[in-house]
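Peer 1: coordinates only, no sequence provided:
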């Protein structure tokens, strides 16, 4: 028995004043309306309506039950309207994850601009150097970097690509010299940025000879946040690898110089991950669409800006 539907029929019968009128309003048959009320009464083991051939009348139990039915049906209608509105209008909390570097330099400024377009959306952003479990951790969207994605059943949208570069401080270069080819790095102190994208003690570059990998000895310094690595390199601790977004502010300030400018670290794709395409919540849909319209251009601008920074 569909109790909720039978409650709707019962309420409409009382409102319309007859089974026939209620059936016409509900686009069904009089027999169906009568059976729905009878099924309710059998389920409750209580008479709700007194019937004659000319009229119906609520029993005392029927009056009480009608009041509760109207409350319940109003709550259900409200819940359905709110759920439908979520598909149509961006509103509510958007729980988001992004890898730290891209999140700080690109995503946070984009959130600011997105919220001006959709002020009813509240953003809960977590920055972490990992790929989270969206379903277990309750994230609506995750922005991650990688060469490819595992088959997780999630929906993915490629938003562009990014790479990292080798940097050092002017003081370090003055003291230790400029590495001109990859093999020169084995004679330098190399600092290790620990991310899911790169294995430890191995740097893979794209350059004039295609893809090349160089093995390094144990690092004297490792850290998992690019901004901390930028500070360490600026302090003259050694040569390090930085994402473009993390390197550019220090390059512009002159606290870092780019070394091996003919090489970039392995190109990584930027993905937005979310659980499903079907009945996608409007805040998720509009946020992903905004990322697709804004992030590729921002990545391209920073890539072009790198061309002016070369160690001397």
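Peer 2: Ah, there it is. Being a predicted model, the structure only gives us computed values, none of them experimental.

Peer 1: look up how far residue 224 lies from residue 147.
Peer 2: Distance, residue 147 to residue 224, using CB to CB, to the nearest Å: 19 Å. (C-beta placed from N, C-alpha, C; glycine too.)

Peer 1: which one of these two is surrounded by more residues?
Peer 2: residue 224 (15 against 9; other CB atoms under 10 Å).

Peer 1: contacting residues for the more buried one?
Peer 2: The neighbours of residue 224, taking CB atoms under 8 Å, 6 or more residues apart in numbering as the test, are 129, 193, 194, 195.

Peer 1: could you find the closest non-adjacent residue to the second one?
Peer 2: If the residues on either side of it in the chain are set aside, residue 193 comes closest to residue 229, at 4.8 Å by CB to CB, 6 or more residues apart in numbering.

Peer 1: again, but for the last one
Peer 2: Sequence neighbours aside, residue 129 is the residue nearest to residue 195 in space, at 5.6 Å (criterion: CB to CB, 6+ apart).

Peer 1: can I assume residue 131 sits in a helix?
Peer 2: No - counting by DSSP: H, G, I helix; E, B strand; the rest coil, one finds residue 131 to be coil, located in no helix.

Peer 1: look up the closest residue to it, ignoring the ones flanking it.
Peer 2: Residue 131 sits nearest to residue 144 (CB to CB, 6+ apart), 5.1 Å away.

Peer 1: residues of the helix or strand harbouring the one you found that come out buried?
Peer 2: Per DSSP states H and E, residue 144 falls inside strand 141-146. The neighbour-count check on strand 141-146 (16 or more other CB atoms under 10 Å) flags 141, 142, 143, 144, 145 as buried.

Peer 1: before we move on, the earlier item: filter the contacts of residue 224 down to the buried ones.
Peer 2: By 16+ other CB under 10 Å, those give 129, 193, 195 as buried.

Peer 1: redo the residues you listed as a markdown table? Include pLDDT and distance to residue 186.
Peer 2: Shown next, in a markdown table, are the buried ones among the contacts of residue 224 (pLDDT from 0 to 100; distance: CB to CB, whole Å):
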| residue | pLDDT | distance to residue 186 |
| --- | --- | --- |
| 129 | 80 | 27 |
| 193 | 88 | 18 |
| 195 | 77 | 22 |
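
Peer 1: how about these in TSV, adding distance to residue 309?
Peer 2: TSV is the format used below for those (distance: CB to CB, whole Å):
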residue	distance to residue 309
129	25
193	18
195	22
